[in-house]
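give me a 3D structure for the following:
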Amino acid sequence: MDTQSLQAFLAVAEAQSFSRAAEQLHLTQPAVSKRIATLEDLLGTRLFDRIGRRIALTEAGSVLLPQARQILFTVEDSRRALANLSGHVGGRLTLATSHHIGLHRLPPILKQYTQHHSEVELDLHFLDSEQAYQGVLDGTLEMAVVTLAPHPHEQLQVVELWRDRLCFACAIDHPLAAQTNQRSLSLADLCQYNCVMPGAKTFTGSLIAQRFSQASLQLPVSMATNYLETLKMMCSVGLGWSLLPDNMIDSELVELDVDTAPIYRPLGYLVHTNRTLSNAARRMIEALEGSRSE
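Residues are numbered from 1 along each chain as shown. The predicted structure follows:
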(Lines give C-alpha, C1' and ligand atoms only; values in the text may rest on other atoms or scores of the structure.)
Protein backbone atom coordinates (compact mmCIF):
# COMPACT_ATOMS: atom_id res chain seq x y z
CA MET A 1 0.00 0.00 0.00
CA ASP A 2 1.86 3.10 -1.23
CA THR A 3 1.66 6.41 0.56
CA GLN A 4 0.77 8.38 -2.58
CA SER A 5 -2.48 6.44 -2.97
CA LEU A 6 -3.27 7.00 0.71
CA GLN A 7 -2.56 10.73 0.36
CA ALA A 8 -4.94 10.88 -2.60
CA PHE A 9 -7.58 8.98 -0.62
CA LEU A 10 -7.31 11.39 2.32
CA ALA A 11 -7.43 14.44 0.06
CA VAL A 12 -10.60 13.25 -1.69
CA ALA A 13 -12.23 12.23 1.60
CA GLU A 14 -11.56 15.61 3.21
CA ALA A 15 -12.38 17.74 0.15
CA GLN A 16 -15.31 15.50 -0.91
CA SER A 17 -14.21 16.26 -4.45
CA PHE A 18 -11.73 14.74 -6.89
CA SER A 19 -11.08 18.09 -8.55
CA ARG A 20 -10.40 19.96 -5.29
CA ALA A 21 -8.20 17.09 -4.09
CA ALA A 22 -6.24 17.31 -7.35
CA GLU A 23 -5.68 21.04 -6.79
CA GLN A 24 -4.43 20.43 -3.24
CA LEU A 25 -2.03 17.72 -4.39
CA HIS A 26 -0.93 19.65 -7.49
CA LEU A 27 -1.98 16.75 -9.71
CA THR A 28 -4.43 16.28 -12.55
CA GLN A 29 -7.85 14.87 -11.72
CA PRO A 30 -7.20 11.70 -13.80
CA ALA A 31 -4.01 11.11 -11.80
CA VAL A 32 -5.95 11.30 -8.52
CA SER A 33 -8.66 8.99 -9.89
CA LYS A 34 -6.00 6.50 -10.95
CA ARG A 35 -4.45 6.46 -7.46
CA ILE A 36 -7.85 5.87 -5.87
CA ALA A 37 -8.60 3.09 -8.36
CA THR A 38 -5.25 1.45 -7.59
CA LEU A 39 -6.02 1.54 -3.87
CA GLU A 40 -9.52 0.15 -4.41
CA ASP A 41 -8.11 -2.68 -6.54
CA LEU A 42 -5.54 -3.48 -3.87
CA LEU A 43 -8.16 -3.59 -1.11
CA GLY A 44 -10.80 -5.27 -3.25
CA THR A 45 -13.54 -2.82 -2.32
CA ARG A 46 -14.94 0.58 -3.29
CA LEU A 47 -13.91 3.45 -1.07
CA PHE A 48 -16.19 6.16 -2.47
CA ASP A 49 -19.75 6.32 -3.73
CA ARG A 50 -20.12 8.71 -6.64
CA ILE A 51 -23.72 9.96 -6.70
CA GLY A 52 -24.07 12.67 -9.31
CA ARG A 53 -21.55 15.31 -8.38
CA ARG A 54 -21.38 14.22 -4.76
CA ILE A 55 -18.61 12.07 -3.32
CA ALA A 56 -19.22 10.10 -0.12
CA LEU A 57 -17.19 7.51 1.75
CA THR A 58 -18.45 3.95 1.62
CA GLU A 59 -18.47 1.90 4.83
CA ALA A 60 -15.05 0.52 3.83
CA GLY A 61 -13.79 4.06 3.19
CA SER A 62 -14.95 5.18 6.63
CA VAL A 63 -13.08 2.29 8.23
CA LEU A 64 -9.92 3.07 6.24
CA LEU A 65 -9.92 6.83 6.94
CA PRO A 66 -8.47 6.87 10.50
CA GLN A 67 -6.06 4.07 9.61
CA ALA A 68 -4.80 5.99 6.56
CA ARG A 69 -4.21 9.07 8.69
CA GLN A 70 -2.24 7.02 11.22
CA ILE A 71 -0.13 5.32 8.54
CA LEU A 72 0.81 8.62 6.90
CA PHE A 73 1.44 10.19 10.30
CA THR A 74 3.84 7.38 11.21
CA VAL A 75 5.66 7.53 7.85
CA GLU A 76 6.14 11.30 8.07
CA ASP A 77 7.21 11.05 11.69
CA SER A 78 9.87 8.50 10.73
CA ARG A 79 11.13 10.72 7.93
CA ARG A 80 11.43 13.69 10.28
CA ALA A 81 13.27 11.64 12.91
CA LEU A 82 15.82 10.47 10.32
CA ALA A 83 16.21 13.93 8.80
CA ASN A 84 16.79 15.45 12.24
CA LEU A 85 19.88 13.29 12.74
CA SER A 86 21.85 15.45 10.32
CA GLY A 87 21.06 18.62 12.28
CA HIS A 88 20.12 20.33 9.02
CA VAL A 89 17.35 22.95 9.26
CA GLY A 90 15.36 22.74 6.05
CA GLY A 91 12.39 21.08 4.41
CA ARG A 92 8.78 22.12 4.81
CA LEU A 93 7.29 23.53 8.00
CA THR A 94 3.49 23.41 7.98
CA LEU A 95 2.38 26.14 10.37
CA ALA A 96 -1.06 27.57 11.05
CA THR A 97 -1.91 30.85 12.71
CA SER A 98 -5.00 32.93 13.30
CA HIS A 99 -5.48 36.06 11.20
CA HIS A 100 -5.06 38.38 14.18
CA ILE A 101 -1.83 36.78 15.43
CA GLY A 102 -0.54 36.57 11.87
CA LEU A 103 -1.04 40.32 11.46
CA HIS A 104 -0.09 41.61 14.91
CA ARG A 105 2.31 39.15 16.56
CA LEU A 106 4.10 37.00 13.99
CA PRO A 107 5.54 39.36 11.32
CA PRO A 108 8.83 40.22 13.13
CA ILE A 109 9.25 36.59 14.22
CA LEU A 110 8.68 35.26 10.71
CA LYS A 111 11.02 37.85 9.21
CA GLN A 112 13.85 36.86 11.54
CA TYR A 113 13.14 33.16 11.09
CA THR A 114 13.19 33.25 7.29
CA GLN A 115 16.40 35.28 7.30
CA HIS A 116 18.15 32.76 9.55
CA HIS A 117 16.66 29.61 7.99
CA SER A 118 16.35 30.35 4.30
CA GLU A 119 16.26 26.66 3.37
CA VAL A 120 12.98 26.09 5.22
CA GLU A 121 9.89 26.09 3.01
CA LEU A 122 7.30 27.80 5.18
CA ASP A 123 3.80 26.44 4.45
CA LEU A 124 1.73 29.06 6.29
CA HIS A 125 -2.03 28.62 6.77
CA PHE A 126 -4.37 31.32 8.12
CA LEU A 127 -7.11 29.47 10.03
CA ASP A 128 -9.54 29.96 12.87
CA SER A 129 -7.89 28.80 16.07
CA GLU A 130 -10.40 25.97 16.44
CA GLN A 131 -9.54 24.64 12.94
CA ALA A 132 -5.84 24.91 13.69
CA TYR A 133 -6.27 22.79 16.83
CA GLN A 134 -7.92 20.08 14.76
CA GLY A 135 -5.18 20.28 12.13
CA VAL A 136 -2.47 19.65 14.73
CA LEU A 137 -4.51 16.82 16.23
CA ASP A 138 -5.03 15.01 12.93
CA GLY A 139 -1.43 15.57 11.79
CA THR A 140 -2.04 17.85 8.80
CA LEU A 141 -0.27 20.68 10.64
CA GLU A 142 3.07 20.37 12.42
CA MET A 143 2.33 23.28 14.73
CA ALA A 144 0.02 26.24 15.24
CA VAL A 145 0.25 29.69 16.83
CA VAL A 146 -3.27 30.66 17.88
CA THR A 147 -5.69 31.64 20.62
CA LEU A 148 -5.51 28.83 23.17
CA ALA A 149 -8.48 26.70 24.13
CA PRO A 150 -9.99 27.16 27.61
CA HIS A 151 -9.44 23.48 28.41
CA PRO A 152 -6.26 21.42 27.78
CA HIS A 153 -6.16 18.47 25.40
CA GLU A 154 -4.22 15.39 26.48
CA GLN A 155 -2.66 14.86 23.02
CA LEU A 156 -1.39 18.42 22.66
CA GLN A 157 1.51 20.30 24.19
CA VAL A 158 0.22 23.84 24.58
CA VAL A 159 2.46 26.75 25.60
CA GLU A 160 1.16 30.23 26.38
CA LEU A 161 3.36 33.04 25.03
CA TRP A 162 1.25 36.19 25.28
CA ARG A 163 -2.01 37.50 26.70
CA ASP A 164 -4.42 39.89 25.02
CA ARG A 165 -6.43 42.15 27.29
CA LEU A 166 -9.86 42.44 25.73
CA CYS A 167 -11.21 45.98 25.90
CA PHE A 168 -14.84 47.05 25.81
CA ALA A 169 -15.08 49.55 22.94
CA CYS A 170 -17.56 51.48 20.81
CA ALA A 171 -17.58 54.16 18.10
CA ILE A 172 -16.80 57.70 19.21
CA ASP A 173 -20.39 58.81 18.50
CA HIS A 174 -22.09 55.77 20.09
CA PRO A 175 -24.42 56.55 23.06
CA LEU A 176 -22.20 54.47 25.35
CA ALA A 177 -19.25 56.77 24.60
CA ALA A 178 -21.02 59.71 26.25
CA GLN A 179 -22.12 57.60 29.21
CA THR A 180 -18.62 56.28 29.94
CA ASN A 181 -17.37 59.86 30.36
CA GLN A 182 -19.83 60.33 33.22
CA ARG A 183 -19.62 57.04 35.12
CA SER A 184 -18.48 53.44 35.09
CA LEU A 185 -20.78 51.20 33.10
CA SER A 186 -22.11 47.84 34.22
CA LEU A 187 -22.44 44.74 32.07
CA ALA A 188 -26.21 45.28 32.28
CA ASP A 189 -25.76 48.79 30.86
CA LEU A 190 -23.96 47.34 27.85
CA CYS A 191 -26.74 44.83 27.25
CA GLN A 192 -29.13 47.69 26.51
CA TYR A 193 -27.36 48.09 23.15
CA ASN A 194 -26.54 45.70 20.31
CA CYS A 195 -23.03 44.32 20.13
CA VAL A 196 -20.85 42.74 17.44
CA MET A 197 -18.87 39.74 18.62
CA PRO A 198 -16.64 36.82 17.64
CA GLY A 199 -18.56 33.66 16.76
CA ALA A 200 -20.12 31.91 19.74
CA LYS A 201 -18.18 28.70 19.03
CA THR A 202 -14.78 30.39 18.93
CA PHE A 203 -12.46 30.32 21.95
CA THR A 204 -12.64 34.13 22.23
CA GLY A 205 -16.41 34.21 21.80
CA SER A 206 -16.98 31.58 24.49
CA LEU A 207 -14.66 33.44 26.87
CA ILE A 208 -16.72 36.62 26.47
CA ALA A 209 -20.07 34.84 26.67
CA GLN A 210 -18.98 33.15 29.90
CA ARG A 211 -18.41 36.51 31.61
CA PHE A 212 -21.93 37.69 30.77
CA SER A 213 -23.46 34.31 31.62
CA GLN A 214 -21.87 34.48 35.08
CA ALA A 215 -23.77 37.76 35.55
CA SER A 216 -27.00 36.09 34.31
CA LEU A 217 -26.97 38.28 31.22
CA GLN A 218 -27.33 37.36 27.56
CA LEU A 219 -25.29 39.22 24.97
CA PRO A 220 -27.44 41.17 22.48
CA VAL A 221 -25.38 40.08 19.46
CA SER A 222 -26.59 41.66 16.23
CA MET A 223 -23.71 40.40 14.05
CA ALA A 224 -20.84 37.97 14.50
CA THR A 225 -17.61 37.25 12.67
CA ASN A 226 -14.41 35.38 13.49
CA TYR A 227 -12.21 38.16 12.05
CA LEU A 228 -11.28 40.74 14.66
CA GLU A 229 -10.31 43.30 12.02
CA THR A 230 -13.84 43.08 10.63
CA LEU A 231 -15.27 43.40 14.14
CA LYS A 232 -13.23 46.56 14.63
CA MET A 233 -14.61 48.04 11.42
CA MET A 234 -18.21 47.23 12.37
CA CYS A 235 -17.68 48.65 15.84
CA SER A 236 -16.04 51.84 14.54
CA VAL A 237 -18.96 52.65 12.22
CA GLY A 238 -21.49 52.28 15.02
CA LEU A 239 -22.99 48.87 14.32
CA GLY A 240 -22.53 47.89 17.95
CA TRP A 241 -20.09 47.86 20.86
CA SER A 242 -17.54 45.07 21.04
CA LEU A 243 -14.60 43.54 22.88
CA LEU A 244 -11.27 43.88 21.10
CA PRO A 245 -7.59 43.33 21.98
CA ASP A 246 -6.05 46.45 23.48
CA ASN A 247 -3.59 46.80 20.59
CA MET A 248 -6.54 47.42 18.23
CA ILE A 249 -7.96 50.39 20.11
CA ASP A 250 -7.24 53.59 18.16
CA SER A 251 -8.69 57.06 17.50
CA GLU A 252 -11.77 55.57 15.78
CA LEU A 253 -12.84 53.86 19.01
CA VAL A 254 -13.58 54.75 22.61
CA GLU A 255 -12.51 52.32 25.32
CA LEU A 256 -15.40 51.93 27.73
CA ASP A 257 -14.96 52.00 31.50
CA VAL A 258 -16.85 48.88 32.60
CA ASP A 259 -17.20 47.71 36.18
CA THR A 260 -15.90 44.16 35.74
CA ALA A 261 -12.59 42.35 36.09
CA PRO A 262 -10.34 42.48 32.98
CA ILE A 263 -10.86 39.73 30.41
CA TYR A 264 -7.70 38.16 29.01
CA ARG A 265 -7.32 35.61 26.25
CA PRO A 266 -4.18 33.42 26.13
CA LEU A 267 -2.17 33.15 22.90
CA GLY A 268 0.57 30.65 22.18
CA TYR A 269 1.69 27.62 20.21
CA LEU A 270 0.71 23.97 20.18
CA VAL A 271 2.23 20.74 18.86
CA HIS A 272 1.18 17.10 19.05
CA THR A 273 2.75 15.22 21.96
CA ASN A 274 3.25 12.07 19.84
CA ARG A 275 4.87 13.83 16.89
CA THR A 276 8.61 14.05 16.28
CA LEU A 277 9.19 17.71 15.51
CA SER A 278 11.38 18.64 12.57
CA ASN A 279 14.46 20.76 13.15
CA ALA A 280 12.59 23.54 11.36
CA ALA A 281 9.77 23.36 13.93
CA ARG A 282 12.25 23.30 16.82
CA ARG A 283 13.89 26.47 15.56
CA MET A 284 10.48 28.11 15.15
CA ILE A 285 9.67 27.28 18.77
CA GLU A 286 12.96 28.86 19.85
CA ALA A 287 12.02 32.01 17.91
CA LEU A 288 8.57 32.09 19.49
CA GLU A 289 9.94 31.53 22.98
CA GLY A 290 12.30 34.45 22.43
CA SER A 291 9.33 36.76 21.83
CA ARG A 292 7.67 36.13 25.20
CA SER A 293 8.62 39.44 26.77
CA GLU A 294 7.91 41.50 23.68
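
wait, residue 7 touches residue 71, no?
No - under the criterion of CB atoms under 8 Å, residue 7 is not in contact with residue 71, lying 10.2 Å apart. Placement of C-beta: from N, CA and C, glycine included.

neighbour count for those two, which is higher?
Per other CB atoms under 10 Å, whichever of residue 7 and residue 71 has more neighbours is residue 7, with 19 against 15.

ok, and what's touching stretch 112-125?
Stretch 112-125 has contacts (CB atoms under 8 Å, 6 or more residues apart in numbering) with 88-97, 102, 110, 132, 135, 141, 280, 283-284, 287.

for it, measure first residue to last.
19 Å (CA to CA, to the nearest Å).

and stretch 218-235, which residues are buried?
The neighbour-count check on stretch 218-235 (16 or more other CB atoms under 10 Å) flags 219, 221, 224, 226, 228, 231, 232, 234, 235 as buried.

avg pLDDT for that stretch?
Mean pLDDT, stretch 218-235: 95.

do stretch 129-148 as well
Stretch 129-148 comes out at a mean pLDDT of 93.

how about the helices in the chain?
Assigned by DSSP state H, the chain shows helices spanning 3-15, 18-25, 29-43, 59-84, 99-104, 107-116, 129-138, 175-180, 187-190, 203-214, 228-236, 279-289.

which one, of these, ends up nearest to residue 247?
Across the helices of the chain, residue 247 has its closest neighbour in helix 99-104 (6.0 Å, CB to CB).

please report how far residue 92 lies from residue 130.
Look at residue 92 and residue 130: by CB to CB, to the nearest Å, they are 24 Å apart.

the two: which is more packed in?
residue 130 (18 against 12).

let me see the contact set for the spatially most central residue of the chain.
Closest residue to the average C-alpha location of the chain: residue 129 at 2.8 Å, with CA atoms, centre = their mean. For residue 129, the contact set (CB under 8 Å, 6+ apart) comprises 98, 144, 146, 147, 148, 149, 202, 203, 204.

with neighbour count added, can I get those residues in a markdown table?
Formatted as a markdown table, these follow (neighbours: other CB atoms under 10 Å):
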| residue | neighbour count |
| --- | --- |
| 98 | 28 |
| 144 | 27 |
| 146 | 26 |
| 147 | 23 |
| 148 | 22 |
| 149 | 16 |
| 202 | 20 |
| 203 | 21 |
| 204 | 24 |
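
rewinding a little: which among the contacts of stretch 112-125 count as buried?
89, 91, 93-97, 102, 110, 132, 135, 141, 280, 283-284, 287.
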